[in-house]
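**Student:** the sequence and its predicted three-dimensional model are supplied below.
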There are 2 protein chains.
Amino acid sequence: MAKPAHRSYSRYARQAAELLGLMIRNARIERGITVADVAERAGLSRGLVHRIEKGEMGSSVGAAFEVAVIVGLRLFEAEPTTLTRHLSMERDKLSLLPQSARTGTTKVKDDF
Amino acid sequence: MAKPAHRSYSRYARQAAELLGLMIRNARIERGITVADVAERAGLSRGLVHRIEKGEMGSSVGAAFEVAVIVGLRLFEAEPTTLTRHLSMERDKLSLLPQSARTGTTKVKDDF
DNA sequence: GAGGTATGCCTCATTCATGGACCATTTTAG
DNA sequence: CTAAAATGGTCCATGAATGAGGCATACCTC
């Protein structure tokens, strides 16, 4: 015991989580699905789905995103179809940055 | 052994998590911040930040969003400023749906 | 080249989230 | 209105995520 351990989150992070939760709930209600329904489809407990909708910071990304997908929410303004494209875009971007970053030394391994 | 326990996630959920991780990493590198730096600022361990960037489903929403905010990522296509607005929008939406949903009974409390 | 830093990844102890049961309240259906 | 369902919330055991440390590699600076 004697462990405060409470994480301190920034306001934006909290709001983002809350927003995600609300979007999920709204999407779910619009589709006329019950929490229990979503929980079953996601393979999660009702309690967890409920906490996700409440925007609790402790829920796992996996659970939250799974629920979001189930209620038909589009994550990151990307439809499932374009999600893959976004992914490769980010991947390409990544393979470019590491080396160069900002130093334009163009250090090629031509020491042969 | 004898405990598979592995959660089964949908493809989209996994991709979304991976995308978030890549976006975070790209944003971080573009800003020239180190993982250790981000970890310290977020009050998290390097290992966790690393896992978040890898898009692991187990990380908590709080940690992931906190990191995202720190590297200056815009969550849900919303800038910090508009996040609040999005929030109230979703809240309003919610207070409208529950009762009516699709039944247009327009049950007003005019029973006075 | 050498030296320093950042990253990637592993293991393990501790802490915390999760599932499940239960109950109160609200909402829907009849 | 009453009955049934859905939601919101609590408590607890247990499994899982986290933090810490260490180590190998990749990278940048000089």
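**Tutor:** Received it, and whenever you're ready, just let me know what you need.
**Student:** hmm, who's touching stretch A:45-61?
**Tutor:** A:7, A:9, A:13-14, A:17-22, A:24-25, A:28, A:35-36, A:38-39, A:42, A:63-64, A:67, B:17, B:20, B:52, B:56-65 (Cβ atoms under 8 Å, 6 or more residues apart in numbering or on different chains). (C-beta placed from N, C-alpha, C; glycine too.)
**Student:** which of the residues you listed fall within helices?
**Tutor:** A:13-14, A:17-22, A:24-25, A:28, A:35-36, A:38-39, A:42, A:63-64, A:67, B:17, B:20, B:52, B:61-65 (DSSP state H).
**Student:** any figure for the gap between the residue nearest to residue A:73 when sequence neighbours are not counted and residue A:53?
**Tutor:** In this structure, residue A:73 finds its nearest non-sequential neighbour in residue A:27, 4.9 Å apart by Cβ to Cβ, 6 or more residues apart in numbering or on different chains. According to Cβ to Cβ, to the nearest Å, residue A:27 and residue A:53 sit 10 Å apart.
**Student:** over to residue A:37?
**Tutor:** Taking Cβ to Cβ, one finds residue A:37 at 13 Å from residue A:53.
**Student:** same thing with residue A:31?
**Tutor:** 14 Å.
**Student:** these two: which has the busier surroundings?
**Tutor:** residue A:53 (25 against 12; other Cβ atoms under 10 Å in any protein chain shown).
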